[in-house]
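Colleague: Give me coordinates for this.
(chains A and B)
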Amino acid sequence: MIRGSRMANALPPLMLFVAAIGAWELYVDLGGVDPVLLPAPHEVATAAWSEAGVLWHNTLVTVKEVALGLLLAVAAGFALAIAVHLWRPVRRSVYPLAVGSQALPFVVLAPVLAFWLGFGILPKLVVIGLICFFPVTVTTVDGLNAVDPDRVKLLRTFDASRWQAFRFGELPAALPAALSGARIALVVAWISAFIAETSSPTVGPYAGLGRQIMTDLSIVDPAGAAAATAVLFFCSIAFFHLLSIAERRIAGWAQPRQGESR
Amino acid sequence: MRPQAAGARQSESVGNRTARTDGGEREGVIVSGVSRHFTDRRGNAVQALHEVSLRAAPHEVLTVVGPSGCGKTTLLELICGLQSPDAGAVEAAPAALMAQRDLLLPWRSALDNAVLPLQIAGLPRKQARAQALPLFRELGLEGFENARPSELSGGMRQRVAFLRTLLAGKPVLCLDEPFGALDAITRMQMQSWLAAALARQPRTVVLVTHDVEEAVLLGDRVAVMSPRPGRVVQELTIEMPRPRRRGEREIANLREQALRALGAEDPQ
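Modeller: Predicted coordinates for the structure are as follows:
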C-alpha cells in the first residue's frame, strides 16, 4: 500500500460527504426548514462542540459495547458454523432455530436479560451478540461448504484425519467468507447497540450514544441527537477500516494484489 | 482388497531399480479385472473402466496412455483407494496421487504447500521445511520458498505439487498427467528430472498421460487404453536403457506401435 494511493481512495467519499453537507446546509438555511425538524449542519457542529464531554463519554460506552459484542458475535457465529459443518445433528437441529432467532424483536428479551445479567454491560453484549452472530454463521457455513472437494480428497491421500483435513484444508479456505460475515456483522453492530441501549435499563451517568439520542429527542434537542448520530456514522467507518486492515493480515492471500483489477 | 498399511511411511530405499526384487508385492500394484462406472449429471450410468487388469512390479514405472475420457483418472483414484471398484480387485501398497490440477493451497507458501504431507504425518513445520528444502532447490524452485501459488508460473506450481507427492513418502506414486500443463521445454526438463529422481530413489510409479512419446520415454512398460469404456488394448515392454533420448529410433518405433494400438497412425 502506497500512502498516496490511500489518500486517493479517501478523496471521492470525502468530496461526496462535503457536497452532501453543503447541500443540507443550503436546504435548511434557504428552504426555511424548521430547525426542530431538521437542524442545519452548523447547528449540529455547535451542539457537538458544546456537548463534547458528554458525547465523548457516551462514545466510549458505545464503542466498548460494539467491540466486545462483536467479538462475542464473531466467536459464537464462527463456532456455531464449525459445529453446523462438522456435526450433522447440529446442522439439523440448531441451524433452523438460529434462522428463526433473527426474527425476534430483542426488545422483548431486555427485561429477562436484565433480571439474569444485571444492569451492566452484559445484557447489552448479549443483545448485540444475538443480532450479529448470524451473518458470520451463514457466510462461514457457506465458505466451509464451498471448499473444493478435490482438495479434501488430496488431504485424504496424505492420510489426514478428519480434524487435519479441517484444519489444513477447510478452515483456512473458509476464513475469507467468515471475515465477510464479520464485516456485515460490524455494520449491523451499531444499530444493534442502539437497540440494546434503548431497551435495557441502565444505571450510571453515561448510557451510550443510543440513549443520548433518545434523551436529546425527548428534550427537543435535535441538534444534540444529530451530533450523536454523526459520531455513530464515523465510528462505523473507522471500525470497518480497522477490520479491512485485519483482513489483509489474516487472509491477504484471498485479496487481489495492488495493481490487479478487482 | 487393500493391504492394511503395508510399507513404511518414509521409504528411504536407495538402490538400483532394475536389480531390486526384494520388497515383494508389498510395494507394487495389482489391478485385476476391475470395472467401474460413475453417474453423470443427467443421472446416466457411464462405464469408465471395463475389466481392466494391470500390474506394476515394485519400483517399476508403468505408464498408461490413452485418449481423453478413457478412465485413466478413475484408474488412479482406484489405486489410491479414493474409489472402490464395482467388480474386480485392486491390490496396492499405499499410494500418493498427483492430480491433474495442482490443488495447491492458496494461503500457503510454495514450500509450505510442498511440506503439507510431512506436517500431516506430525512433523513440526520448521523441521518439515528444513527436510524439504534440498529437494525444493533441486527442482529449480530456489528463491520461491515463500511465494504464494498465485505468484508462481504453471510449471513451478506443477513442480511444487510433484514435490508434495514425493514427500508423502508413499511407495507408490500415481501421477495424473503430471506435465500436461507445462510448455514443451519445461516439460522435457521435468521428464528428465523425474527419470533421474526415480533412478536415485526408486518408487513404483503409475503415470497416466495422453502423450504417447512421454509414455514411451518414461515407462518400463506402457499400457495402451481404449476410449471409454477403458480397456487395456496393448502392453508394451520397453527395455531400452536410460537415459533415453526422444530422437532415438527405437523410441520412434515404440511410439508408432502405441499409436497403432490407439487406432491412430502417425501422420509423419
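Colleague: give me the beta-bridge partners of residue B:56?
Modeller: On the basis of DSSP bridges, residue B:56 is bridged to residue B:29.
Colleague: That one against residue B:28, yeah?
Modeller: Yes: the pair residue B:56 / residue B:28 is scored as a contact, 5.6 Å apart, by C-beta atoms under 8 Å. For glycine as for every other residue, the C-beta is placed from the backbone atoms N, C-alpha and C.
Colleague: who touches the most centrally placed residue in chain B in this structure?
Modeller: Nearest to the mean C-alpha position of chain B, by C-alpha atoms, centre = their mean, lies residue B:175 at 2.0 Å. Going by C-beta atoms under 8 Å, 6 or more residues apart in numbering or on different chains, residue B:175 touches B:76, B:98, B:162, B:165, B:205, B:206, B:207, B:208.
Colleague: tell me which residues in the longest helix along chain B are buried?
Modeller: Determined from DSSP state H, the single longest helix within chain B is helix B:184-200. Neighbour-count burial for helix B:184-200, counted by 16 or more other C-beta atoms under 10 Å in any protein chain shown, picks out B:186, B:187, B:189, B:190, B:191, B:194, B:197, B:198.
Colleague: After the host helix or strand of residue A:56, which helix or strand is next?
Modeller: With secondary structure defined by DSSP states H and E, residue A:56 is part of helix A:52-86. Once the chain leaves helix A:52-86, the next helix or strand it forms, by DSSP H and E, is helix A:88-101.
Colleague: what packs against that following helix?
Modeller: Here helix A:88-101 touches helix A:52-86, helix A:122-145, going by 3 or more C-beta pairs under 8 Å, 6 or more residues apart in numbering or on different chains; DSSP states H and E.
Colleague: Please identify the most buried of those helices.
Modeller: Of all the helices and strands packed on helix A:88-101, helix A:122-145 carries the top mean neighbour count, a mean of 23, counting by mean count of other C-beta atoms under 10 Å in any protein chain shown.
Colleague: do you know how far the residue nearest to the centre of chain B is from chain A?
Modeller: The gap separating residue B:175 from chain A is 12 Å, by C-beta to the nearest C-beta, to the nearest Å.
Colleague: Give me the phi and psi for that residue.
Modeller: phi -110, psi 120 (degrees, to the nearest 10).
Colleague: Identify the residues contacting whichever strand or helix holds residue B:46?
Modeller: Secondary structure assignment for residue B:46, by DSSP H and E: strand B:45-56. Strand B:45-56 is contacted by residues B:28-40, B:62, B:64, B:71, B:74-75, B:78, B:85, B:87-88, B:172, B:204-206, B:221, B:223, B:225, B:228-232 when judged by C-beta under 8 Å, 6+ apart.
Colleague: distance between it and the chain's centre?
Modeller: What separates the centre of strand B:45-56 from the centre of its chain is 17 Å, taken as C-alpha atoms, centre = their mean, to the nearest Å.
Colleague: Quick one: mean pLDDT for that strand?
Modeller: For strand B:45-56, mean pLDDT is 88.
Colleague: Residue A:220: how many residues sit nearby?
Modeller: Counted with other C-beta atoms under 10 Å in any protein chain shown, residues neighbouring residue A:220 total 9.
Colleague: Could you do residue A:108 as well?
Modeller: By the criterion of other C-beta under 10 Å, residue A:108 has 10 neighbours.
Colleague: for chain B, which spans come out with low pLDDT?
Modeller: Applying pLDDT under 70 to chain B flags the ranges B:1-25, B:264-268.
Colleague: domain parsing for it?
Modeller: Using automatic domain parsing, the domains assigned to chain B come out as B:24-94+B:170-261, B:104-169.
Colleague: Let me have these in JSON lines, extended by distance to residue A:101.
Modeller: Below are the domains of chain B laid out as JSON lines (distance: least, C-beta to C-beta, whole Å):
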{"stretch": "domain B:24-94+B:170-261", "distance to residue A:101": "37"}
{"stretch": "domain B:104-169", "distance to residue A:101": "32"}
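Colleague: Which one of the ones you listed lies nearest to residue A:55?
Modeller: Smallest distance to residue A:55 across those (C-beta to C-beta): 42.2 Å, for domain B:104-169.
Colleague: quick check, that closest one touching chain A?
Modeller: Yes: applying C-beta under 8 Å from any C-beta of the partner chain, one finds domain B:104-169 in contact with chain A at B:105, B:106, B:107, B:108, B:116, B:117, B:119, B:120, B:121, B:148, B:150, B:168.
Colleague: Surely the fourth one is in contact with residue B:119?
Modeller: If I follow you right, that is residue B:108. No: using C-beta under 8 Å, residue B:108 makes no contact with residue B:119, being 9.9 Å away.
Colleague: Tell me who's in contact with residue B:158.
Modeller: Residues in contact with residue B:158 (C-beta under 8 Å, 6+ apart) are B:102, B:178, B:179, B:181, B:182, B:190.
Colleague: Would you state the strands of the stretch 101-250 of chain B in chain order?
Modeller: Taking DSSP state E, counting those that start in this stretch to define them, one finds strands in the stretch 101-250 of chain B at B:172-176, B:204-209, B:221-225, B:232-237.
Colleague: The second one pairs with which strands?
Modeller: Looking back up the chat, that one is strand B:204-209. With DSSP bridges as the test, strand B:204-209 is paired with strand B:61-65 (parallel), strand B:172-176 (parallel).
Colleague: Phi first, then psi, for the most centrally placed residue in chain A.
Modeller: Nearest residue to the geometric centre of chain A (C-alpha atoms, centre = their mean): residue A:186, 1.6 Å. Taking degrees, to the nearest 10, you get phi -60, psi -40 for the backbone angles of residue A:186.
Colleague: residues in contact with it?
Modeller: Taking C-beta under 8 Å, 6+ apart as the contact definition, residue A:186 lies against A:70, A:132, A:236, A:239, A:240, A:243.
Colleague: Could you pick out the residues of the stretch 151-268 of chain B near chain A for me?
Modeller: Going by C-beta under 8 Å from any C-beta, the residues of the stretch 151-268 of chain B near chain A are residue B:168.
Colleague: how much space is there between the residue nearest to the centre of chain B and residue B:165?
Modeller: Using C-beta to C-beta, to the nearest Å, residue B:175 is found at 7 Å from residue B:165.
Colleague: shared neighbours, those two?
Modeller: residue B:98.
Colleague: Which part of the stretch 101-250 of chain A gets nearest to chain B, residue-wise?
Modeller: Nearest residue of the stretch 101-250 of chain A to chain B: residue A:158, at 4.2 Å (C-beta to the nearest C-beta).
Colleague: Now do that residue: how many residues are near it, please.
Modeller: The number of residues packed near residue A:158 is 23, by other C-beta under 10 Å.
Colleague: Got phi/psi on it?
Modeller: Dihedral angles phi and psi of residue A:158 (degrees, to the nearest 10) take the values phi -90, psi 20.
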